[in-house]
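# Fold the following for me, if possible:
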Amino acid sequence: MKLIIVRHGETEENKAHILQGHLPGKLSQLGIEQAKKVALRLKEEPVEVIYSSDLARAADTAKEIHKFHPGVDLIFTEKLREKNMGSYTSLNYKEVDWDNPPKDMETRESMRIRVKSLIDEVYSKYQNKTVVFVGHGGINKAIIALVKGEGVDYDLVNSGNTAVTIFEIYEDNKHKIHCLNCTKHL
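Next up is the predicted model:
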């Protein structure tokens with residue numbers, strides 16, 4: 001399965017350094033332009049299905065991609081939601097103590113379980129097809145770490161808005177990376 005992973009466009013909350021977690025988020029004007037550019041980048045891909053987080057910032061980005069693939073299903077799922085930030089939701093990055101996260105914040109293990117179940121489900125349906133996942137910085141890092149075979153203590157670079165990662169996923173786990181967090185379309 002060819003898996004194309006996309007992060008949503010820039011949001012007003014990104015600009016204000018707000019931890020969004022499960023907040024819907026609103027694409028900024030730049031974010032809308034970024035979504036249109038990533039959609040153009042993926043225009044010629046033989047996409048079979050698009051899965052997107054149901055949160056507005058990802059859903060709006062996925063809708064731009066879907067415009068070039070109107071005949072395919074666009075499926076919104078909570079499994080691609082960003083990490084639940086718990087009581088840190090809506091706070092400024094600078095206002096939080098990352099060394100002592102709140103107990104109500106979602107763990108990396110929980111995120112891993114979420115994305116693993118989605119990947120398994122999608123792979124069983126689209127093994128020889130091209131699938132797009134539109135998500136968020138944190139959940140996309142969890143997907144990338146899982147596909148690369150890294151544990152939950154992964155330390156990956158944050159992806160830019162509308163960054164694209166493309167993998168070929170194989171049952172024998174000998175996956176291929178075509179690009180990682182690429183933003184050349186911007």
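# and the host helix or strand of E121, what other elements does it pack with?
Assigned by DSSP states H and E, E121 belongs to helix 108-126. Helices and strands touching helix 108-126, by 3 or more CB pairs under 8 Å, 6 or more residues apart in numbering; DSSP states H and E, are strand 47-53, helix 137-148. The C-beta positions use only the backbone N, C-alpha and C, and glycine is treated the same way.
# what comes up buried for the last one?
Okay, so that is helix 137-148. In terms of neighbour count (16 or more other CB atoms under 10 Å), helix 137-148 has its buried residues at G137, G138, I139, N140, K141, A142, I143, I144, A145, L146, V147.
# Against I32, how distant is the first one?
The one in question is G137. Remark: distance between G137 and I32 (CB to CB, to the nearest Å) = 18 Å.
# cool, the fifth one as well?
Counting by CB to CB, the gap from K141 to I32 is 24 Å.
# before we move on, what about E10?
The spacing between E10 and I32, counted by CB to CB, is 9 Å.
# Ok, H175 next?
H175 is 32 Å from I32, where distance means CB to CB.
# OK, contacts around L3?
L3 makes contact with I119, V122, V131, F133, V147, I166, F167, E168, I169, according to CB atoms under 8 Å, 6 or more residues apart in numbering.
# Wait, a strand at the fourth one?
Yes. Remark: F133 belongs to a strand, assigned using DSSP: H, G, I helix; E, B strand; the rest coil.
# who's in contact with the host helix or strand of A39?
According to DSSP H and E, A39 maps onto helix 29-41. In this structure, residues lying in contact with helix 29-41 by CB under 8 Å, 6+ apart are 6, 8-11, 14, 27, 57, 60-61, 64-65, 67-68, 161-162, 164, 184-186.
# Over to stretch 66-84?
Counting by CB under 8 Å, 6+ apart, 20-22, 39-40, 42-43, 47-55, 58-59, 62-63, 104-106, 111, 114-115, 117-118, 133-139 sit against stretch 66-84.
# For the one residue sitting closest to the centre of the chain, list each beta-bridge partner.
Taking CA atoms, centre = their mean, the centroid of the chain lies closest to G135, which sits 2.3 Å from it. Assessed by DSSP bridges, G135 has beta-bridge partners R7.
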